[in-house]
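*Asks:* Quick one: sequence and predicted model below, then my questions.
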Protein chains: 2
Amino acid sequence: MDGGGEGRVADQKKGKRRITSVDVAREAGLSRATVSFVLNDTPGQSIPEATRQRVLQAAARLGYTPYAPARTLRSGRSDVVLFVLPDWPQGPTMAELVDRAAQVLAGAGLTLVTHVHTGRDDDLARLWTALAPAAVFGMRPFTAGERAGMKRANIAAVLPSPEQSGHDVGSTLWLNGVGRLQAQYLIGKGHTRLAYVLPDDPRLSALGQGRAEGAAQACAEAGLPVPIVATIPLDAAAAAETVAGWRRPPGAVCAYNDEVALALLAGMRKLGTSLPVIGADDIPAARFAVPPLTTVAQDSGELGARIAAALLRALNGEPSQLDVLPDAGIRVVERESA
Amino acid sequence: MDGGGEGRVADQKKGKRRITSVDVAREAGLSRATVSFVLNDTPGQSIPEATRQRVLQAAARLGYTPYAPARTLRSGRSDVVLFVLPDWPQGPTMAELVDRAAQVLAGAGLTLVTHVHTGRDDDLARLWTALAPAAVFGMRPFTAGERAGMKRANIAAVLPSPEQSGHDVGSTLWLNGVGRLQAQYLIGKGHTRLAYVLPDDPRLSALGQGRAEGAAQACAEAGLPVPIVATIPLDAAAAAETVAGWRRPPGAVCAYNDEVALALLAGMRKLGTSLPVIGADDIPAARFAVPPLTTVAQDSGELGARIAAALLRALNGEPSQLDVLPDAGIRVVERESA
DNA sequence: CTGCGTTACTGGCACGTGTTACCCACGGGC
DNA sequence: GCCCGTGGGTAACACGTGCCAGTAACGCAG
């Protein structure tokens, strides 16, 4: 084949042969096993420093990179962790969360990748068959079918765990603490009748209800009536209509997030009315609003770190809850809108 | 162990044995090869419908899932495509791009995952060793070192390709068309002296210069002087200062994106001045600004589809450029700020 | 009967790695 | 002499898959 070109030259020219540990072994004049021991720091092996250096230098010289699929096949464990993100609009908040999580996981030798899930159901299954990740984290609880698929794919850790998904979505998984804090702030300012305004994007309804519930809890604790809940599209006219439609207007309004809050402010500006409004997420645009938007910010980096830590525990077999997740460093950023 | 339970029961109980094609073969009473032929629709094999069904049903009954690492090891090709995203703030724009790209790739049997790269350099290398993706796409050109690493890891396609990265970053890779269109719009409104305002976030400087250059080109084409370029932090006071500092104020201002534009509007409000401002990206907050922000929107879905298509071509060995990438459906959304 | 092509299927190698069990030489205790 | 232990290293299996080469059965022409 190839016209009989001899040995190494042919190999170099020919179709992209991968450099394997065999090549390193040959280069170092040792066996593949020894190479493996050195490169993995396998415990319980006595290897003189001279040999170790020989291997290391041979590997460096050849530019050897271990081949993950083979490694995974043999060892049974993958170094990949998958975050399944929902397709609702992601702000810098989420980016920070993912980034910190990735950092923590990297510390444990794991690599984090993300995938936005758009709701086409086949693609989740393909995800974990194609990736064979060691662990998966999702922002929403997985369905029974999805769980079954992961089990078949032998994915070790999955969060949120089944016990947690027994609870209500918004409350366990994602920060009903935000809604609670929004309400507490407004209550602290002396308001007694609150409204909670949600966006009409169906993808956000679960989270929205979670936050609204948090606010309801805060009201209940303060002996106040539950907030009026309204749902609006991201549109100033519609927001105005909603506000004008309140026959007995609330004293202040919590918005699901800053964008909803901005829509409300725009709507009220249109009407010539003005109610205190508090948003959530502290997007950059919040501080340029008229009036500058008071909002609830969260330390999502910390949250990401906790998620990562929980995953690591789960990978070690300790079946750990995502402890105190909802309360990771949320705080009010006070500006002028409330 | 386990008390001496015999055979299958023990297997079920014991440590999570993976279901392999051997199991399917046994269940169907056929050889593993036949199973493989059926499940992969291997061409050039004649398999009677009865046998095919026997295999399919056995597989379904056992819940068989092929194991990606083994498959990849054997076939040499992975089904994973990696998008390396920069860590600058990502809006819905980018989400849409990624989503559409994922869709297109899924059509070709590929799975797209993303990873935000934060600049810690070791983690990119770990990424492709851990994932062994078939292709990689990055928003910025890769360095020579990164390229070498990918080559060693036998990654087939990498975009942007080396020829392209020879050019200037902002211009080739990312939409200097936006800056161009911003300027053209303002010029069309009769403005002759423009300013281009960039954010001070260093992560954005390459893109910012690209867009500013696009605007400069448009001015040159219209026989106008190049725009004044200013860099501001995302802060109303700082924006005000910059605007006030212009001894000969421009007739209108292009902002790098909507957030910068909002900062400018806030700054000018503070000063009591007012200049026409055009943003970019059309974030939700843009339409709630005072005044509602005129901005440049892009069909990033289309862009994502093109990127995916280019990757697919590259994977097929056709070394294709990312053709006409910069001009994918960008348009002005006219509101009141300009 | 042999020869030949087609259909339906199977045995077994290869992919690159981690790891266990084994081997050899050497030194020292009896 | 023999045996044992130990440092230094290797042969060889297993992981689960894709696919080539081969084979047995069968029909059919000669």
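*Replies:* Good, I have the coordinates.

*Asks:* how far away is residue A:256 from DNA strand D?
*Replies:* Taken as CB to the nearest atom of the strand, to the nearest Å, the spacing of residue A:256 relative to DNA strand D amounts to 45 Å. The C-beta positions use only the backbone N, C-alpha and C, and glycine is treated the same way.

*Asks:* Convert the C-alpha atoms of stretch A:263-281 to CSV, please.
*Replies:* Coordinates of each C-alpha in stretch A:263-281 appear next as CSV, following Å, rounded to 0.1, in the frame of the first residue of the first chain:
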residue,chain,number,x,y,z
ALA,A,263,-41.6,47.7,30.9
LEU,A,264,-43.7,48.7,33.9
LEU,A,265,-41.8,52.0,34.3
ALA,A,266,-42.3,52.7,30.7
GLY,A,267,-46.0,51.9,30.9
MET,A,268,-46.5,54.1,34.0
ARG,A,269,-44.6,56.9,32.4
LYS,A,270,-47.0,56.7,29.5
LEU,A,271,-49.9,56.9,32.0
GLY,A,272,-48.4,59.7,34.0
THR,A,273,-48.7,57.5,37.1
SER,A,274,-45.9,56.3,39.3
LEU,A,275,-45.7,53.4,41.7
PRO,A,276,-42.6,52.1,43.4
VAL,A,277,-41.1,49.2,41.5
ILE,A,278,-38.4,46.7,42.4
GLY,A,279,-36.8,44.5,39.8
ALA,A,280,-34.5,41.5,39.9
ASP,A,281,-31.1,40.6,38.4
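
*Asks:* I'd like the average pLDDT over it.
*Replies:* Along stretch A:263-281, the predicted confidence averages to a pLDDT of 94.

*Asks:* List the buried residues of it.
*Replies:* For stretch A:263-281, the buried set under the neighbour-count rule, 16 or more other CB atoms under 10 Å in any protein chain shown, comprises A:263-269, A:275-281.

*Asks:* Would you mind confirming that residue A:194 is in contact with residue A:186?
*Replies:* Yes. Contact status for residue A:194 versus residue A:186: in contact at 5.9 Å, counting by CB atoms under 8 Å.

*Asks:* Now list whatever residues contact both of those two.
*Replies:* Taking CB atoms under 8 Å, 6 or more residues apart in numbering or on different chains as the contact rule, the neighbours common to residue A:194 and residue A:186 are A:251, A:252, A:254.

*Asks:* what's the burial count for the first one?
*Replies:* One way to gauge burial is a neighbour count; for residue A:251, by other CB atoms under 10 Å in any protein chain shown, it gives 15.

*Asks:* ok, now which ones touch it?
*Replies:* A:186, A:191, A:192, A:193, A:194, A:275, A:276.

*Asks:* Helix, strand, or coil at the third one?
*Replies:* Taking DSSP: H, G, I helix; E, B strand; the rest coil as the rule, one finds residue A:192 in the coil state.

*Asks:* And for the first one?
*Replies:* For residue A:186, the assignment made with three-state DSSP gives helix.

*Asks:* For it, which non-adjacent residue is spatially closest?
*Replies:* Computed as CB to CB, 6 or more residues apart in numbering or on different chains, the closest residue to residue A:186 that is not its neighbour in sequence is residue A:252, at 4.5 Å.
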